[in-house]
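Enquirer: Would you be able to build a 3D model of this:
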Amino acid sequence: MTQKTLIIIGFVIVAIGLAWPLLGKLPFGRLPGDISYSRPGLTFFAPITTMIILSIVFSLIMWLFRR
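Expert: Numbering: from 1, shown residues only. This next block holds a predicted model:
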């Protein structure tokens, strides 16, 4: 990795850390299509819709960096 890449990754990590209180208020993990099953002694959670949205956003960001 180049120095520029490492610096950008560092800034992204710091930005996420500073924005963490705001990110916790977003509805990710509670979207329609996210499967949640709970009963005594067992909890199952599959955030299908959330992972699809995050995958699309991540793909767009990576596409922009490659340009």
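Enquirer: What segments of the chain are strands?
Expert: 35-39, 42-46 (DSSP state E).
Enquirer: Let's have those strands in TSV, adding distance to Ala15.
Expert: (Glycine included, C-beta is placed from N, CA and C.) Formatted as TSV, those follow (distance: least, Cβ to Cβ, whole Å):
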stretch	distance to Ala15
strand 35-39	29
strand 42-46	27
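Enquirer: and of those, who's closest to Gly17?
Expert: Shortest distance between Gly17 and the strands of the chain, using Cβ to Cβ, is found for strand 42-46: 24.3 Å.
Enquirer: Against Leu26, how distant is Ile53?
Expert: Using Cβ to Cβ, to the nearest Å, Ile53 is found at 11 Å from Leu26.
Enquirer: more neighbours, the two?
Expert: Remark: of Ile53 and Leu26, Ile53 carries more neighbours, 14 against 10, as counted by other Cβ atoms under 10 Å.
Enquirer: so what pLDDT did that one get?
Expert: Note on Ile53: pLDDT of 90.
Enquirer: Ile9 too?
Expert: Here the pLDDT value assigned to Ile9 is 87.
Enquirer: Now for it, how many residues are close by?
Expert: Residues near Ile9, counting by other Cβ under 10 Å: 11.
Enquirer: do Ile8 as well
Expert: By the criterion of other Cβ under 10 Å, Ile8 has 13 neighbours.
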